[in-house]
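**Student:** Give the three-dimensional model of this entry:
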Amino acid sequence: MAKEISWEIRVTAEELYITEGLTFEQVAKKTDVSVSQLKRWAKEGDWKTKRKEHRLGLLEIKRNYDRLRQGIVEKALNSLDPQDVYAALRIEKLNRETSKSTDEIKIEIDRPKIFLEDLEFIIEVLKEIDPEGLKVLAKSFDTIVARFKESHEKTA
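**Tutor:** Numbers count the residues shown, from 1 in each chain. Predicted coordinates for the structure are as follows:
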């Protein structure tokens, strides 16, 4: 019997995919729901379209914010009214703070995981097309892993 998944988990998964922009694999890790189940839900709920609409909405908000910023700065320059100048300075300060926080976002890449996934793929292909090549890979495996570790230490 299949395990029942609560509605809250389904809603959370949809939100993570649409608004947070996570991949199905990342959502699966956070929700403990299989990738295949997430893809079924995504198809049923048209998550890809919702994600695109969400991103377009965010882009429109950014455009409107930029227009508002420009308008406030122009008004302050034209009027030199202390309140307008203060508003322009505040919005520019807010813009700088927002820019700093987005610049500080770092994307973490799990290089060892990617390396192992690539090796698994190569092994599966070699099993099918060249079993002798698989034996050569097995003989060289320790050297390959050691060189990967050396290379990875240099980039870390």
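**Student:** Please make it C-alpha for all contacts and neighbour counts, starting now.
**Tutor:** Noted.
**Student:** For the helix ranked longest in the chain, enumerate the helices and strands it packs against.
**Tutor:** Among the elements of the chain assigned as helix by DSSP state H, the one spanning the most residues is helix 47-79. Judged by 3 or more CA pairs under 8 Å, 6 or more residues apart in numbering; DSSP states H and E, helix 47-79 is in contact with helix 7-18, helix 82-103.
**Student:** ranking these by burial, who's on top?
**Tutor:** Comparing those on average neighbours per residue, with mean count of other CA atoms under 10 Å, the densest one is helix 7-18 at a mean of 16.
**Student:** quick one, it and helix 47-79 angle?
**Tutor:** 60 degrees (axes from the mean of the first three to the mean of the last three CA atoms, to 10 degrees).
**Student:** List phi and psi for Arg111.
**Tutor:** Backbone torsions for Arg111, taken as degrees, to the nearest 10, come to phi -60, psi -40.
**Student:** any idea how far the nearest residue to it once chain neighbours are set aside lies from Ser140?
**Tutor:** Taking CA to CA, 6 or more residues apart in numbering, and ignoring the residues beside it in sequence, Arg111 has His152 as its nearest neighbour in space, at 7.7 Å. Computed with CA to CA, to the nearest Å, the distance linking His152 and Ser140 is 18 Å.
**Student:** Then Asp46?
**Tutor:** With distances taken as CA to CA, Asp46 is found 46 Å from Ser140.
**Student:** circling back: what about the residue nearest to Arg111, neighbour count?
**Tutor:** Using other CA atoms under 10 Å, His152 has 12 other residues around it.
**Student:** Find the helix or strand that it is a member of.
**Tutor:** His152 is part of helix 131-155, with elements assigned from DSSP states H and E.
**Student:** Identify the residues contacting that helix?
**Tutor:** Arg111, Ile123, Leu126, Lys127 (CA atoms under 8 Å, 6 or more residues apart in numbering).
**Student:** just for this protein, where's the confidence low?
**Tutor:** Applying pLDDT under 70 to the chain flags residues 1-3, 100-109, 154-156.
**Student:** can you list the domains in it?
**Tutor:** The chain breaks down into these domains under automatic domain parsing: 7-45, 56-103, 111-155.
**Student:** Any idea how many residues pack against Leu58?
**Tutor:** Each residue near Leu58 was counted by other CA under 10 Å, and the total is 13.
**Student:** Great, nothing more from me.
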